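>>> Can you look at this prediction? I've put the sequence above it.
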Amino acid sequence: MKRTHTCGEIGAGDLGRDVCLQGWVRFSRDHGGILFFDLADAYGTTQLVYDPEDVPDEAGKDALEKALDGFTRESVVSVGGTVRERIPGTEDPRNPTGEAEVLVKEAEMLSPSHPPPFEIGEQKEHLLPAEETRLRYRYLDLRRAEMMRVMRFRHRLLSLAREHLDDRSFLEVETPLLTRSTPEGARDFLVPSRVHPGSFYALPQSPQLFKQMLMVAGADRYYQIARCFRDEDSRADRQPEFTQLDLEMSFVDREDVIAAVEALIAHIWKGLHGEALSTPFLRLGHEEAMDRYGTDSPDLRFGLPMTEVTSMVADAPYEIFQRVLAKKGAIVGINVKKEDGADAVGRNEIDRLISWVKRHGLGGMTWMKVSSAGLESNIVKYFTPEVQHGLTEAMDAAEGDLLLFLAGSREKVRETGGLLREKLAADLDLIDEDKHQFLWVVDCPLFEKDPVSGKLTALHHPFVRPAGELSPDVLGESYDLCLNGVELGSGSLRNHDSSLQRSILSMLGLSDERMEQEFGFFLEALGYGAPPHGGIALGVDRMVSIMLGKESIREVIAFPKNKRMHSPVDGSPTPVDDDKLSELQLMSLAIDDLDLDDIEDLE
RNA sequence: GCCCCGGUAGUGUAGUGGCCUAUCAUGUGAGCCUGUCGAGCUUGCGACUCGGGUUCAAAUCCCGGCCGGGGCGCCA
């Protein structure tokens, strides 16, 4: 028997037709004579029915019944039969195939299944087995229609991206997975070389240098759906291997790249959601993002910005503020607007917020209520009417609002204020889960100074073009894309001038010798006519998970690693045989009976 | 490296010191049932993460390990 139809396409139009269906037995219902089976495949479910009083071939009846007896849950079977209309009143309106059924005349077991460790049928989220179990039997988990829907959504997103970029002369190029380990950035996954004992490839953390060399090559516009690898601890939105939609363009300025990315995302959005996405996206300077929201990827689905009031209250004889000012600290306010639910924040709630703030390392929090008579609280008396007026103006305070103030070191206040903002939004239910708020954060500093060593490190990566004359404080020609407070992608214009690139690497502490050793090949490439260029890399896993409202990117990756970077389905990583190691001239230090003398003997 | 939460039949759960020979559902085995659709009915099966401790008594309390998850650090 050969399949003639899928389980999702049988309908009223097929009545009377002889068909062959093949798929998985999802549920069966035995009424003591008449039998029902739900046969499922990737496209849908069709009801099979066996009726002992309606068997065309009496001689084959026993064999047919015997075969059907073996149709256990999740076994793969092949059936031949006739499509017929269901008895009136027994149609299933929830199922697109629910008006028809297939009367089984032939049945064959293709592949039996053990009883599955959990149920494959559609079920409520809270009835799902633990993620651990789902990942161990991922091939069964993926069999669920919801997971198939996720995989299709992801596929569609990538198709739409390809379609859009192909139409705009972007060239899809595969860059190597076996690459050079470079000193900057995350920890590398290393691959030992058999041919060059003691030498290693690194799996790419991103195709950054290769795509830039493609620009030198004159490719003009490049993209790649690129797997990237970073050996750092995972999070709900971080896996050791992940996918970037990576692109790069030549002869462009920042606006060109931003516009190209907005058009790309709008195209994807329209294709997946059917509705136009409003562009251009909001934009925020990095410094303002930090000042107002305490993070470089703020969630602008809600308000509650911070307002710095340090200078405004500088002369107020309020001791707590004065102590902070003496230590060159900062004082910021957050206005919980009446319309955001300030009334819901009573004295008890404020006390809870104060202890929450203390747990985050600040001394406390002060507050004022805005009433018709003006500001009210036990500290208002320390502020002159002019100062009160200034605060009201600066924080856009109106009657019914609640003003919260944090004081401490600038970094701590920013950080805690940002977290408080998110906590308030969650507590007051200000986040519209259906809203998708894109945001560009632009003008990030090129460098970050290590507070302990004073050493400069690159905030993004060392190839970002400075927006002005090179100095430790210079801003970069950068643009980070955020969606709902999550960093979706990071892009910039790059340095196409090799001497500028050298200066930056040198400011990052690389000696000429090291620079030559680690990046010489790339600097050399920049010396052979590198066009001005820039690009971006978008996190595909994050984009898909946010668009589908999933809590973790593991939900949108077919075979993800778990928190401890184990692959539950294949059990990797595993130890390997000693002969494999010795072929690579390697010896593990992670073995129980290791005798250090053995190593010394080898030297 | 650190902090927090969790671990009870195959799966999801109830059980906060003795009422536990551990609840319920689902699953699974057997039987019944001719229009169901996550069919129904009867009945059998099946579990306290591991080690140590406290106690007359531990699924329950304490300590440690293992496993899973969230986070900090880390992630140019």
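Nice, I can see it. Everything numeric in this text was worked out from a predicted model, so none of it was measured.

>>> quick one, what contacts A:Thr82?
Contact analysis of A:Thr82 by Cβ atoms under 8 Å, 6 or more residues apart in numbering lists A:16-19, A:102-103, A:105. In this view, the C-beta of every residue, glycine as well, is placed from N, C-alpha and C.

>>> what's the answer for A:Thr182, then?
Taking Cβ under 8 Å, 6+ apart as the definition, contacts of A:Thr182 comprise A:202, A:209, A:518-519.

>>> Can you tell me which residues in the stretch 451-600 of chain A are near RNA strand B?
The stretch 451-600 of chain A comes close to RNA strand B at residues A:457-462, A:552, A:554, A:562-564, A:566, A:568, as judged by Cβ under 7 Å from any atom of the strand.

>>> Looking at these, which one is closest to A:Tyr222?
Checking these against A:Tyr222 by Cβ to Cβ gives A:His461 as the nearest, at 17.2 Å.

>>> Determine the three-state secondary structure at the closest one.
What DSSP: H, G, I helix; E, B strand; the rest coil gives for A:His461 is coil.

>>> pretty sure it is in contact with A:Gln208, am I right?
Yes - assessed by Cβ atoms under 8 Å, A:His461 is found in contact with A:Gln208 at 6.4 Å.

>>> what about these two, which has more around it?
Using other Cβ atoms under 10 Å as the criterion, A:His461 and A:Gln208 rank with A:Gln208 on top: 23 against 18.

>>> What does the pLDDT read for that one?
With respect to pLDDT, A:Gln208 has a value of 97.

>>> wait, what's in contact with it?
So A:Gln208 contacts A:461, A:463 (Cβ under 8 Å, 6+ apart).

>>> separation between it and A:Ser490?
For A:Gln208, the distance to A:Ser490 equals 11 Å [Cβ to Cβ, to the nearest Å].

>>> Got phi/psi on the closest residue to A:Met147 other than its chain neighbours?
Leaving aside its sequence neighbours, A:Met147 sits nearest to A:Asp141 (Cβ to Cβ, 6 or more residues apart in numbering; 5.8 Å). Note on A:Asp141: its backbone torsions stand at phi -60, psi -40 [degrees, to the nearest 10].

>>> which residues does the residue nearest the centre of chain A contact?
Relative to the mean C-alpha position of chain A, the nearest C-alpha, by Cα atoms, centre = their mean, is the one of A:Arg542, at 1.7 Å. By Cβ under 8 Å, 6+ apart, the contact set of A:Arg542 is A:237, A:483, A:486-488, A:553.

>>> From those, pick the one nearest RNA strand B.
For those, the closest approach to RNA strand B (Cβ to the nearest atom of the strand) belongs to A:Asp237, at 6.4 Å.

>>> Counting neighbours, which of the contacts of A:Thr82 comes out on top?
Across the contacts of A:Thr82, neighbour numbers were computed from other Cβ under 10 Å; A:Val102 holds the maximum, 28 neighbours.

>>> and that one, what element?
In the assignment (DSSP states H and E), A:Val102 maps to strand A:100-111.

>>> Equivalent analysis for A:Ala398, please.
Per DSSP H and E: A:Ala398 is located in neither a helix nor a strand.

>>> Any figure for the gap between it and RNA strand B?
According to Cβ to the nearest atom of the strand, to the nearest Å, A:Ala398 and RNA strand B sit 34 Å apart.

>>> So A:Glu349 belongs to a helix, correct?
Yes - using three-state DSSP, the secondary structure at A:Glu349 is a helix.

>>> and it, how many residues sit next to it?
13.

>>> RNA strand B versus that one, what's the distance?
Distance, A:Glu349 to RNA strand B, by Cβ to the nearest atom of the strand: 22 Å.

>>> One more: A:Asp30?
From A:Asp30 to RNA strand B the distance is 4 Å (Cβ to the nearest atom of the strand).

>>> With A:Leu581 instead?
According to Cβ to the nearest atom of the strand, A:Leu581 and RNA strand B sit 22 Å apart.

>>> Angles on the backbone of that residue, please.
Dihedral angles (degrees, to the nearest 10) for A:Leu581: phi -70, psi -40.

>>> same check, this time on A:Trp367
According to degrees, to the nearest 10, A:Trp367 has phi -150, psi 160.

>>> Hmm, it is touching A:Ala397, no?
No - if you go by Cβ under 8 Å, A:Trp367 and A:Ala397 don't touch, sitting 12.0 Å apart.

>>> Mean pLDDT per helix and strand in chain A: which one sits at the bottom?
Using mean pLDDT, DSSP states H and E, helix A:596-602 stands out as the lowest-scoring helix or strand of chain A, at a mean of 53.

>>> From RNA strand B, how far out is A:Leu190?
From A:Leu190 to RNA strand B the distance is 16 Å (Cβ to the nearest atom of the strand).

>>> and the residue of the stretch 301-450 of chain A found nearest RNA strand B, how many residues sit next to it?
Going by Cβ to the nearest atom of the strand, RNA strand B is nearest to A:Glu448 of the stretch 301-450 of chain A, at 7.2 Å. Other residues lying near A:Glu448 total 14 when counted by other Cβ under 10 Å.
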